[in-house]
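**Student:** Let's see this in three dimensions:
(one chain, ligands or ions: 1)
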Amino acid sequence: MAPKRKAPASNGRASKRVASGVSTPVSIDSDDDDNYSMGSESDPEGRAAPQKYDKMVEKFSMSTYANKNRPRASGDAASHLFRMDRDLSGLELKPDHRLRPIWLDAANGKVVMETFSPSFKQAQTFLINIAEPQSRTTNVHEYTINGHSLFAAVSVGLTEHDIIRDLELFSKTKLPESIKEFIHMNTQSFGKIRLVLKHNRYFVESSDAAVLQRLLRDEVVSKCRVEETEELKTEKAAKMGELVIPGTKDAAGVREAQANVQQAQKRDESDEDSDDEFGGRDAEKDMTEYLREEDDEDDEVDQVHSFEIDGNMIQQVQERCNVHLAMPLTEEYDFRNDEQNAGLDIDLRPNVQIRYYQEHALSKMFGNGRARSGIIVLPCGAGKTLVGITAACTIKKSAIVLCTSAMSVVQWKEEFKKWSNINPDDIAIFTSGEKEKLNHKAGIIICTYSMVTQNTRRAHDSQQVMDFITSREWGLMVLDEVHVVPAEMFRRVTSKIKTHSKLGLTATLLREDDKIKDLNFLIGPKLYEANWLQLSEEGHIARVQCAEVWCPMTTEFYSEYINATGKVNQQSLLSTMNPRKFQACQFLIDFHEKRGDKIIVFSDNVYALKKYAEGMTKPYIYGDTGQREREMVLANFQMNDAVSSIFLSKIGDTSLDLPEATCLIQISSHYGSRRQEAQRLGRILRAKRRNDEGFNAFFYSLVSKDTNEMFYSSKRQAFLVDQGYAFKVITHLNGIDKMPNLAFTSQQDRMSLLTDVLLQSETAGDVEDIKDDLFSDRNVARNKGRGKGTGVKRQAGTLSSLAGGEHMAYMEYARGSKAARDAGRSQFFKKNDKAQERKKAAARAMLE
Ligand SMILES: Nc1ncnc2c1ncn2[C@@H]1O[C@H](COP(=O)(O)OP(=O)(O)OP(=O)(O)O)[C@@H](O)[C@H]1O
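**Tutor:** Numbers count the residues shown, from 1 in each chain. This is a model prediction of the structure:
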């Protein structure tokens, strides 16, 4: 891991401090907040923001209980850094504490887990349900228990009793009363009531009749009740394991239970050899048996009570429960009893086998035979698309999928066709470029967030599709990349489209910070979060070697860098264009090409992207690259051995499925954005060759030494480090001095590069200004409104379209006139016409 560095005073991007569910303030990336409106008080839809919930969660933060009687720190200024105000000598260790994996800190809800403990796997399965993972490194995992995580726990069916019992079981010390009290307070009110759409009627349901009676005494809720149903309705609760998820051999719940038993058996076997001095095997057996006995007991509790509410008053009830009564409603859809909405003929293809973690995630959604709304978090490249498709195949009703860009829309459509047997006529896309219609009663529609949330006047055909979407009920709504979509958009989507269940998909809840609450209410609680390192050890995603390469600035570049103090853009351009960074990039490309790797070089800065790519005669794609050229470059990268490296601007950060790529080099990035770092890493996690023996993918960040890049780089790595990735620091690339044709070895070349850099306008130091589809429609409308004309429309392709020649897929909008002038073919292609003609012919031959 890189050593800690201090932020240069001039960076001007101080991190905010916000209060999270626990009392310790958490700092977040200011740049991560771009375009974010979550948590804002203004709400054009007129729905109250959930501030009371905030207060409630703060009130219920663990520290409130733990701190009650804790003496304040006294004395010197440094002792608080070592938490000397806390006397831990009273902690009573259980006699067999070595067998138990977790330490609990009652003061802040932190749970520290030893991964080398014999009962680690069981404890992990449990903890992921009740706590937020903070960091999961090789030997130690850290979680936090807070109001949100307990809400999620209760939503997937855990009770206060389950949580306290298992925490006690896995804890090395006796469970403090403050934690029990905290859990009690939260589970008392959270996840107790569900909103269920059954036979197309809405019911508020709970297994606790008293809670419903209390709710019915509320003046607002009582008015929303359907009059005929005076009594509470009581029926048998749906049982776990009744549902078979396509692509699995058995019902989800059953499989999960079986997996636990198998794990326990495996551990028993492996422990037989190790003669544990503490009698570990017996102790663990006892634990497993104890858990099983308890599970049997739980099966007996199976009654649910409900009352019906008026379907037109759902929003009022939700708002009342969520905001004013602090009893958030979870949503469940009894799709198997939905006779009103037409069924959809869709199943996974017979050869498809979903992976265990995909099934695990889905079992959290369908565990009680209904569809629970919520969010599934899986690493980039782990197969979120198939999770969404399997959910649609399980529910078998009309589904709507929302994506951040038209490029993803087309990819989702292709994936539906690839994984399921859906009739291609039953799947339609709705983007600014394509407005397909569904011809049958049930079907799948895939669209961009911006298309459905657009507030301005629509074209006739677009309005027709929108009317169709809003006039009917949907069985499932899949919300892709939920962490990047502003809450405001979710509000509009969920209020416009009537859906029985919602599934949010994301690789990271990095934007959760104080915004997780919005997702909790607008979509549902987090249902499952996979462990990156574990999936990579198991070969589901690639193993990656991460390295930060320190490139010293040349004297002439560094003195200009110092002179440019205060000019952030110029400094950024100088550090990106540092000739030694260029050389490092050239060396690494050469090294990895010789190893047979396929390399993607990322640069947010377009000037640098072009300079590097043209300097090394490599193809590049950025926002203004035309559709055909993009297709050609990507096809060559995938299929032509002569094209082993491509340069991409940030348009390649997400959605790009290039399983050929095995090496990534970053030359310029978006400040300290942890999300971008994770998304970029995701481009190589799906490497096709990941299961080859000894295979490693490589991820390099080239950083100019003693510049702002050093600070941002370590900030960017924080999330991945928490996922267990180790970043090596490389200060010297062995053999670079002897590399033939190394660029910028002469003073003259370096000076001429410096002159070119200094002649660039200030905006050349900017990162590329791309308006993704998520916001592009808004921007088009806004710019038109300002009389700025129509700007430049560009089309971008998808990999799936390469084989089939799909139509336009991805609309972008260039604001600057320079961008408009630059639109069209890049210099690389202008310079290399002949070579490209040959490559095109080769690619065409391959595609045919
Ligand atoms: N069960 C499975 N069996 C075989 N291949 C799978 C399975 N699940 C996913 N894949 C493959 O894994 C790759 C990554 O899947 P996908 O694009 O859905 O990942 P993702 O999680 O959406 O990634 P990102 O967040 O980076 O977009 C795809 O090539 C997909 O075909």
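**Student:** Low-confidence bits of the stretch 301-450 of the chain, can you list those?
**Tutor:** 301-302, 323 (pLDDT under 70).
**Student:** can you list the residues of it near the ligand?
**Tutor:** With C-beta under 6 Å from any ligand atom as the criterion, the stretch 301-450 of the chain meets the ligand at residues Ile354, Arg355, Gln358, Leu378, Cys380, Gly381, Ala382, Gly383, Lys384, Thr385, Leu386. Bear in mind the C-beta positions are built from the backbone N, C-alpha and C, glycine included.
**Student:** what about the fourth one, how many residues close to it?
**Tutor:** If I follow you right, that is Leu378. Per other C-beta atoms under 10 Å, the neighbour tally for Leu378 reads 25.
**Student:** how about it, what does it touch?
**Tutor:** Contacts here follow C-beta atoms under 8 Å, 6 or more residues apart in numbering; on that basis Leu378 touches Tyr357, Gln358, Ala361, Lys384, Val387, Leu505, Ala507, Tyr528, Glu529, Ala530.
**Student:** go again using 10 Å as the cut-off
**Tutor:** Residues counted as contacts of Leu378 (C-beta atoms under 10 Å, 6 or more residues apart in numbering) are 355, 357-358, 361, 384, 386-387, 505-508, 528-530, 532, 535, 540-541.
**Student:** same question, the third one
**Tutor:** Counting by C-beta under 10 Å, 6+ apart, Gln358 makes contact with 245, 247-248, 376, 378, 382-384, 386-387, 390, 528, 530, 540.
**Student:** Could you identify the helix or strand that succeeds the host helix or strand of it?
**Tutor:** Element membership for Gln358, per DSSP states H and E: helix 356-366. For helix 356-366, the following helix or strand on the C-terminal side (DSSP H and E) is strand 371-372.
**Student:** Quick check: neighbours of that next one in the sheet, parallel or antiparallel?
**Tutor:** When sheet partners are counted by DSSP bridges, strand 371-372 sits next to strand 329-333 (antiparallel).
**Student:** any idea of the angle the partner strand forms with helix 356-366?
**Tutor:** Using axes from the mean of the first three to the mean of the last three C-alpha atoms, to 10 degrees, the inter-axis angle of strand 329-333 relative to helix 356-366 is 100 degrees.
**Student:** shift numbering so it begins at 3
**Tutor:** Sounds good: first residue 3 from here, last item strand 331-335.
**Student:** Looking at neighbours, which among the contacts of Gln360 is most surrounded?
**Tutor:** Thr392 (27 neighbours).
**Student:** Wait, that residue touches Trp421, no?
**Tutor:** Yes: between Thr392 and Trp421 there is a contact under C-beta atoms under 10 Å: 8.0 Å.
**Student:** what do these two both touch?
**Tutor:** By C-beta under 10 Å, 6+ apart, the residues touching both Thr392 and Trp421 are Pro248, Gly249, Asp349, Leu350, Val354, Ile356, Gly385.
**Student:** For these, which two are the farthest from each other?
**Tutor:** Greatest spacing in the shared contacts of Thr392 and Trp421, by C-beta to C-beta: Asp349 and Gly385 (17.8 Å).
**Student:** Going along the chain, name the helices of the stretch 103-252 of the chain.
**Tutor:** 122-132, 149-157, 162-172, 179-191, 211-218, 221-226 (DSSP state H, counting those that start in this stretch).
**Student:** what would those look like in JSON lines with distance to Glu558 and mean pLDDT?
**Tutor:** Shown next, in JSON lines, are the helices of the stretch 103-252 of the chain (distance: least, C-beta to C-beta, whole Å; pLDDT from 0 to 100):
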{"stretch": "helix 122-132", "distance to Glu558": "53", "mean pLDDT": "89"}
{"stretch": "helix 149-157", "distance to Glu558": "52", "mean pLDDT": "82"}
{"stretch": "helix 162-172", "distance to Glu558": "59", "mean pLDDT": "92"}
{"stretch": "helix 179-191", "distance to Glu558": "60", "mean pLDDT": "84"}
{"stretch": "helix 211-218", "distance to Glu558": "72", "mean pLDDT": "86"}
{"stretch": "helix 221-226", "distance to Glu558": "70", "mean pLDDT": "87"}
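**Student:** where does Ala728 land on pLDDT?
**Tutor:** For Ala728, the pLDDT comes out at 83.
**Student:** Any buried residues in stretch 423-434, and which?
**Tutor:** Neighbour-count burial for stretch 423-434, counted by 16 or more other C-beta atoms under 10 Å, picks out Ile424, Asp428, Ile429, Ala430, Ile431, Phe432, Thr433, Ser434.
**Student:** returning to that earlier point: of all the shared contacts of Thr392 and Trp421, which comes closest to Ile525?
**Tutor:** Of all the shared contacts of Thr392 and Trp421, Ile525 sits closest to Gly385, with 19.8 Å by C-beta to C-beta.
**Student:** For the closest one, give me its contacts.
**Tutor:** Contact analysis of Gly385 by C-beta under 10 Å, 6+ apart lists 356-357, 359-360, 363, 391-392, 417, 421, 532, 537, 542-543, 688.
**Student:** Among those residues, which ones are in helices?
**Tutor:** In this view, the contacts of Gly385 that belong to helices under DSSP state H are Tyr359, Gln360, Ala363, Ile391, Thr392, Glu417, Trp421, Leu537.
**Student:** Pick out whichever of those sits closest to the ligand.
**Tutor:** Gln360 (5.9 Å; C-beta to the nearest ligand atom).
**Student:** No more questions from me, cheers.
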